[in-house]
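Undergrad: turn this into a structure:
(one chain, ligands or ions: 1)
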Amino acid sequence: MAMSIAEELAQIRSKGLYRATRLIKGAQSTRVMLDGHGALMLCSNNYLGLADHPALSEAAMAAAKRYGTSSGASRLVSGTMELHHRLEAALARFKQTEAALVFNSGYAANTGIIPAVAGRGDVIFSDRLNHASIIDGALLSGARLVRYPHCDHAALARLLEKHRGTGRCLIVTDGVFSMDGDLAPLRELVELKTAHDALLMVDDAHGTAVLGVHGRGSAELLGVMEAVDIQMGTFGKALGSFGAYAAVSAELRELLVNRARSLIFSTSLPPAVLAASLAALELVQSPEGRALREQLLANTALFRGLLRDAGFSTGEGTTQIVPIMSGAVEQTMRFSEQLLDEGVFVQGIRPPTVPAGACRLRCTVMATHTAEELAWAVDRIAAVARRLEVI
Ligand SMILES: *Cc1c(COP(=O)(O)O)cnc(C)c1O
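TA: This is a model prediction of the structure:
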């Protein structure tokens, strides 16, 4: 007999993997009201604090007044509006690519782009720690999925060799890994993709607007902007808005418009969202944007340093995503619950988001945190960790 829904839920609970959402009152700021208690936000991807920046909300309001609240259809029906066009032009300038295409979310972008460029008979090489939306895109594509060990370009080289001559090859990687905060070895991946005549796609959800002097992302930081075939990124994180993009050649854009099902069969983003994204792009290229990036770097260095001083290991990463390894599932959840009691909001991350045995608290630093807030948070984290014997 099939398992009932109640039994399935009970099973999720008994494994300690039950998930529920928490209600935030007010905006995604550094200080939030959570289930009625004040807390320091330490788990938002609103890295530059743009999610409640007046430049974005005013642009959104003006666009809603002028263009209304919906795009009314898919891009290919009646849903390509002036603002889609302007945002794509601004993106292509920002990323220095021939063209750009806007998607409804990062999830929709990855599940649209990957099956558009790889299918039956092709091979997708994907880093083991890539985001779930990349895996879903790869599974949806019908191409063969080969997962290579995390950031291990030597292993990838052997796998590429092994699959030589088997159709189109796509190498796909997070630019900044979403749960570890480390960087993909993009220079080595570019060498491999050139040697093996493969396409390289970088998902820069966490690098866009953050990394590189101009905020163009991990490819700018590592000096390989021209060599990445598909630079995908999102507007919902550092850019403080919603949606995603692919920065590509004109030819690839044409293919995506013709083949990406999440673009073809879904109503496009509404005017207010597009206008907020446009305002965010402008802002991150201004002196204010550069100052916010510098502040985020300083805050990240401070937070990572304080954690190290307190005896934590924070892994290989250097970015604003800072994992604190926390042992088993139960202990991880206790850790995050007790931190919330202390007024620090950090999520415990469990399987299937991370591999079994790699549970962690995923802390994220924002440019808008003060040094005092970060020092206080590390104090609280260390106190709870000692109580739970994590350190
Ligand atoms: C958040 C994220 C996505 C999904 O983007 P959304 O716009 O939130 O759907 C895709 N890839 C990575 C690496 C992410 O971190």
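Undergrad: where do the strands of the protein begin and end?
TA: Counting by DSSP state E, the chain has strands at residues 24-25, 31-34, 37-41, 99-103, 123-127, 144-148, 169-174, 199-203, 230-234, 244-248, 321-327, 344-345, 347-349, 359-364.
Undergrad: nearest to residue 380, out of these?
TA: Nearest to residue 380, of all the strands of the chain, is strand 344-345, at 5.0 Å by C-beta to C-beta. C-betas here are computed from N, CA, C, even on glycine.
Undergrad: helices and strands around the closest one, which ones?
TA: strand 37-41, helix 371-387 (3 or more C-beta pairs under 8 Å, 6 or more residues apart in numbering; DSSP states H and E).
Undergrad: for the ones you listed, which one sits closest to the ligand?
TA: Between the ligand and the helices and strands packed on strand 344-345, the shortest gap by C-beta to the nearest ligand atom is with strand 37-41, which sits at 16.8 Å.
Undergrad: please state the offset of the closest one from the chain centre?
TA: Here strand 37-41 shows a centroid-to-chain-centroid distance of 23 Å under the convention C-alpha atoms, centre = their mean, to the nearest Å.
Undergrad: packing partners for that strand?
TA: Packed next to strand 37-41, using 3+ C-beta pairs under 8 Å, 6+ apart, are strand 31-34, strand 344-345, helix 371-387.
Undergrad: can you lay out those as TSV showing mean pLDDT?
TA: Output for those, formatted as TSV (pLDDT from 0 to 100):
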stretch	mean pLDDT
strand 31-34	94
strand 344-345	98
helix 371-387	97
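Undergrad: dump these to a markdown table, plus mean neighbour count.
TA: Output for those, formatted as a markdown table (neighbours: other C-beta atoms under 10 Å):
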| stretch | mean neighbour count |
| --- | --- |
| strand 31-34 | 15 |
| strand 344-345 | 22 |
| helix 371-387 | 17 |
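Undergrad: how about those in CSV, adding distance to the ligand?
TA: Output for the helices and strands packed on strand 37-41, formatted as CSV (distance: least, C-beta to the nearest ligand atom, whole Å):
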stretch, distance to the ligand
strand 31-34, 19
strand 344-345, 18
helix 371-387, 22
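Undergrad: for residue 217, which of these is the nearest?
TA: Ranking the helices and strands packed on strand 37-41 by proximity to residue 217 (C-beta to C-beta) places helix 371-387 first, at 24.3 Å.
Undergrad: picking that back up, which among the helices and strands packed on strand 37-41 is found nearest to residue 218?
TA: It's helix 371-387; of those, that one is closest to residue 218 (C-beta to C-beta) at 23.8 Å.
Undergrad: tell me which residue in this protein sits closest to the ligand.
TA: Taking C-beta to the nearest ligand atom, the chain has residue 106 as its residue nearest the ligand, at 2.0 Å.
Undergrad: for that residue, list the residues it contacts.
TA: 131, 133, 203, 205, 232-234, 236, 244 (C-beta atoms under 8 Å, 6 or more residues apart in numbering).
Undergrad: cutoff 10 Å now
TA: Residues near residue 106 by C-beta atoms under 10 Å, 6 or more residues apart in numbering: 131, 133-134, 203-205, 232-237, 242-245.
Undergrad: now do the helices in the protein.
TA: Using DSSP state H, the helices found in the chain span residues 5-14, 54-67, 82-95, 106-117, 132-141, 153-162, 186-195, 218-221, 250-259, 261-264, 271-284, 287-309, 329-341, 371-387.
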